[in-house]
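*Asks:* what follows is a predicted structure for the sequence shown.
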Amino acid sequence: MKTFNYTIQDEIGIHAKPAGLLAKKAKEFQSVITLEGADEETAAAAMEEFF
């Protein structure tokens with residue numbers, strides 16, 4: 001399984017618009033947010049680029 005860590009730096013967390021963009025990007029893939037699935041390499045690279 002491909003993994004990477006990302007820490008949200010804002011003390012109040014992720015705002016609504018970026019959270020929506022994250023959800024929209026994650027929905028492009030068969031993988032779940034834990035990034036497992038047939039396209040995990042592509043999904044992980046796209047999510048890493050997103051962050």
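*Replies:* Everything's here; your move. The shown structure was predicted, so the numbers you read here are calculated from the model rather than taken from an experiment.
*Asks:* from Lys2, how far out is the most far-flung residue of the chain relative to its centre?
*Replies:* Within the chain, the residue lying farthest from the chain centre (Cα atoms, centre = their mean) is Glu11, at 19.3 Å. Distance of Glu11 to Lys2, given as Cβ to Cβ, to the nearest Å: 29 Å. (Glycine included, C-beta is placed from N, CA and C.)
*Asks:* any idea how far apart the tips of stretch 12-30 sit?
*Replies:* End-to-end distance for stretch 12-30: 30 Å, by Cα to Cα, to the nearest Å.
*Asks:* can you mark which positions in it are buried?
*Replies:* Residues 26, 29 are the ones in stretch 12-30 that count as buried (16 or more other Cβ atoms under 10 Å).
*Asks:* give the rounded mean pLDDT of that stretch.
*Replies:* Mean pLDDT, stretch 12-30: 86.
*Asks:* got the contact list for that stretch?
*Replies:* Residues outside stretch 12-30 that contact it (Cβ atoms under 8 Å, 6 or more residues apart in numbering) are 8, 33, 37-39, 42-43, 46-47, 50.
*Asks:* which among those end up buried?
*Replies:* With burial judged by 16+ other Cβ under 10 Å, the buried subset of the contacts of stretch 12-30 is 42-43, 46-47.
*Asks:* with distance to Ala16 added, can I get the contacts of stretch 12-30 in TSV?
*Replies:* Compiled in TSV, those are given as follows (distance: Cβ to Cβ, whole Å):
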residue	distance to Ala16
Ile8	13
Ile33	17
Gly37	27
Ala38	31
Asp39	27
Thr42	27
Ala43	23
Ala46	21
Met47	19
Phe50	16
